[in-house]
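**Student:** Give me a 3D structure for the following:
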Amino acid sequence: MCFKRDVRMKNSAGLFITQFVADVRTALCICDFNPEKIHEAGKSLGAAVSGGADSVALLVSLAYIAKETGIQLHVITVNHNIRPAEETGGDAAYVQHLCTCFAAKGFPVDCTLKELTPGAVDSTAQKRGNGIEEAARYLRYKAFNEFAGEKNVMCICLAHNRNDQLETLLMRFFQGSGGSSSGGIQQVRGIFVRPLLSTPRSSIERFLTEQHILWRTDSTNSDTHYLRNRIRHIIMPELDSTVPGWQKAVLAGGKKAADADEVVAAEAERVKWQGSGKSVYMPLSLFISQKKAVQVRLFYAALELTGCEQRIPYSFIERVCIAASGGGEFRDNAAGITAEIENGSIFIKKNKKTATDFGFSVIIEKSGTYETACGTVCVVRTGADNFSVFSDNPDAAALEKIQLPFCIRSRQPGDEVRTASGGIRSVSDILSDWKVCAENKDQIPVIQALAGSVQPVVCIWGSVYGYDDWIVMPEEK
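**Tutor:** Numbering: from 1, shown residues only. Alright, predicted model coming up:
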């Protein structure tokens, strides 16, 4: 049996379960997806369920709501086939089993399994150039939209919760995000709605535990090489113990940022770029007549129009805005984008990749200043055998405890780097995880030690272009 207790039980557990379901229903109503109206419209309710605690709690609560209102709940679970078969296949099988149990109890629930062909995510990642995670998300949402049409659902519920929102707000803060990104996860976007977005994970787990309902755990959730997992397992527990009230403050800050961005977005929407493809432009007088926040928003709109999916250093955007206010001619580029001011117009262009972009290498044998493909680099002695490496890009982190000689170069086929646990990862896979598009991967510098016979890669210097850094700490002697 999948569950033992009824939602109507008149005890403390039953009251908690009843209130949890009521809160989910209220959230749907606030988001303009009232279950009663869905029923009146002859539509059904959809839910994406992975098998984790969040999505299982979403499934259970929606099953109760569907039964009460007489609407059909259509569940979709996607097997991406990118984790070990026993794990990812087990997740999908569990979701199907849980839906079968509910259906056997008289709940109007069915389940659709969407199984991606092995290798489909990898192939899509190569075509789109933004990494495995982005490719999986792209294919997942494509499946969701197809499912919505097939099942005549009015909306598809997703299981992001309050903890996810906090993690996202902290992650985007550490990444220096602004604009719409600084507001966190949106509760409603098109047909997608997140009724658990204000619910803490502790309540979600209690909701399931009280009913003896199990859930699945993704093994990658504990891998602290990912920024989100470091925030979840290291930073948030520390904040809980040292900064009382931080969660409410961060959520309130995110709400204020989202409200403010609505105003900026409305202002930017009134101003249009001209041109298409990989180059857009507008009169310089029109651009500089806008407030700074609107100028920045317009810049991001230009990036989207030109098809740029690379992270652009904010310092570059600021340089463009400052140059625009000066009124003179200007030309600069960063991460595959060129900004140009001439003849009374401002142009934003996506660069074409040339043969010279495919490889670079600079050998460093002593302290000093060096010109590299990723900018000017300064090497300074900081100890008997250790040196620090600085970039003229203010967004790039300084590299400490680097030993001479070393090489700053572009990646090469077969490059690998050591992990904190002592394992080995492909440099290409790490760049994919960082969502570096294919045409920009060769721009990210790697640091290779040249002393000794092994000569390992000791750093992926992603912060030069706005990404994380992967640094292999020197072993203690």
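**Student:** can you list the residues that contact stretch 387-406?
**Tutor:** Stretch 387-406 has contacts (CB atoms under 8 Å, 6 or more residues apart in numbering) with 176, 313-315, 363-367, 374-383, 385-386, 447-451, 458-459, 461, 463-464, 466, 469, 471, 473-474. Backbone N, C-alpha and C define where each C-beta goes, glycine included.
**Student:** Outline the domain layout of the chain.
**Tutor:** Split into domains by automatic domain parsing, the chain comes to 12-159+194-222, 271-350, 360-471.
**Student:** for the shortest one, what is the average pLDDT?
**Tutor:** Averaged over domain 271-350, pLDDT sits at 83.
**Student:** Work out the gap between that domain and the centre of the chain.
**Tutor:** 24 Å (CA atoms, centre = their mean, to the nearest Å).
**Student:** From one end of it to the other, what's the distance?
**Tutor:** 20 Å (CA to CA, to the nearest Å).
**Student:** Give me the contacts around the longest helix that the chain contains.
**Tutor:** Looking across the chain with DSSP state H, the single longest helix is helix 246-269. Residues from elsewhere that reach helix 246-269 (CB under 8 Å, 6+ apart): 162, 165-166, 169-170, 179-180, 182-184, 186, 239-240, 290-291, 293-294, 297-298, 301.
**Student:** Now do residue 444 against residue 435, distance only.
**Tutor:** Taking CB to CB, to the nearest Å as the measure, residue 444 falls 12 Å from residue 435.
**Student:** which one of those two has more residues nearby?
**Tutor:** Neighbours per residue (other CB atoms under 10 Å) separate residue 444 from residue 435, with residue 444 holding more: 23 against 19.
**Student:** any chance you could map the strands in the stretch 1-150 of the chain?
**Tutor:** 44-48, 73-79, 109-115 (DSSP state E, counting those that start in this stretch).
**Student:** re earlier: any idea how far the longest helix of the chain is from the chain center?
**Tutor:** Distance, centroid of helix 246-269 to centroid of chain: 18 Å (CA atoms, centre = their mean).
**Student:** In CSV, could you pull the C-alpha coordinates for it?
**Tutor:** Output of helix 246-269 as CSV, limited to C-alpha atoms (Å, rounded to 0.1, in the frame of the first residue of the first chain):
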residue,chain,number,x,y,z
TRP,A,246,17.9,35.9,7.1
GLN,A,247,15.4,33.8,5.1
LYS,A,248,12.5,36.4,5.5
ALA,A,249,14.9,39.2,4.6
VAL,A,250,16.2,37.4,1.5
LEU,A,251,12.7,36.6,0.3
ALA,A,252,11.5,40.1,0.9
GLY,A,253,14.5,41.4,-1.0
GLY,A,254,13.7,39.2,-3.9
LYS,A,255,10.1,40.3,-3.9
LYS,A,256,11.2,44.0,-3.9
ALA,A,257,13.6,43.3,-6.8
ALA,A,258,10.8,41.6,-8.8
ASP,A,259,8.4,44.5,-8.2
ALA,A,260,11.1,47.0,-9.2
ASP,A,261,12.0,45.0,-12.3
GLU,A,262,8.4,45.2,-13.5
VAL,A,263,8.7,48.9,-13.8
VAL,A,264,12.1,48.7,-15.6
ALA,A,265,10.7,46.1,-18.0
ALA,A,266,7.7,48.2,-18.8
GLU,A,267,10.0,51.2,-19.6
ALA,A,268,12.4,49.1,-21.7
GLU,A,269,9.5,47.5,-23.6
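**Student:** Starting from the helix or strand following it, tell me which strands it pairs with and how they run.
**Tutor:** Per DSSP states H and E, helix 246-269 leads on to strand 274-276 as the next helix or strand towards the C-terminus. The strands that strand 274-276 pairs with in its sheet are strand 279-283 (antiparallel) (by DSSP bridges).
**Student:** Find the helix or strand that residue 389 is a member of.
**Tutor:** strand 387-391.
**Student:** That strand: what's the following helix or strand?
**Tutor:** Moving toward the C-terminus from strand 387-391, the next helix or strand (DSSP H and E) is strand 399-402.
**Student:** Check the offset of the helix or strand just after that next one from the chain's centre.
**Tutor:** Per DSSP H and E, the first helix or strand lying C-terminal to strand 399-402 is strand 406-409. The chain centroid and the centroid of strand 406-409 are separated by 30 Å under CA atoms, centre = their mean.
**Student:** for stretch 76-90, same thing?
**Tutor:** 20 Å.
**Student:** again, but for stretch 363-381
**Tutor:** Distance, centroid of stretch 363-381 to centroid of chain: 33 Å (CA atoms, centre = their mean).
**Student:** Please renumber the chain so that the first residue is 35 from this point on.
**Tutor:** Will do, 35 is the new start, and the previous item becomes stretch 397-415.
**Student:** Residues in contact with that stretch: which ones?
**Tutor:** Under CB under 8 Å, 6+ apart, the answer for stretch 397-415 is 394, 396, 421-427, 430, 436, 438-442, 444, 477, 479, 484, 495, 498-499.
**Student:** one more time with 7 Å, if that's ok
**Tutor:** Residues from elsewhere that reach stretch 397-415 (CB atoms under 7 Å, 6 or more residues apart in numbering): 394, 396, 421-427, 438-442, 479, 498.
**Student:** Out of those residues, who's the most crowded?
**Tutor:** The most crowded member of those, judged by other CB under 10 Å, is residue 479 (27 neighbours).
**Student:** Touching, it and residue 495? I think so.
**Tutor:** Yes: with contact defined as CB atoms under 7 Å, residue 479 counts as touching residue 495 (4.6 Å).
**Student:** What segments of the stretch 185-334 of the chain are helices?
**Tutor:** All helices of the stretch 185-334 of the chain, identified by DSSP state H, counting those that start in this stretch, fall at 196-208, 235-243, 261-264, 270-276, 280-303, 318-322, 326-339.
**Student:** what's the weakest-modelled helix or strand in this protein?
**Tutor:** helix 154-162 (a mean of 73; mean pLDDT, DSSP states H and E).
**Student:** For the closest residue to residue 88 other than its chain neighbours, grab the count of nearby residues.
**Tutor:** Among residues not flanking residue 88 along the chain, residue 193 sits closest, at 3.9 Å (CB to CB, 6 or more residues apart in numbering). For residue 193, the neighbour count with other CB under 10 Å is 23.
**Student:** Noted, bye for now.
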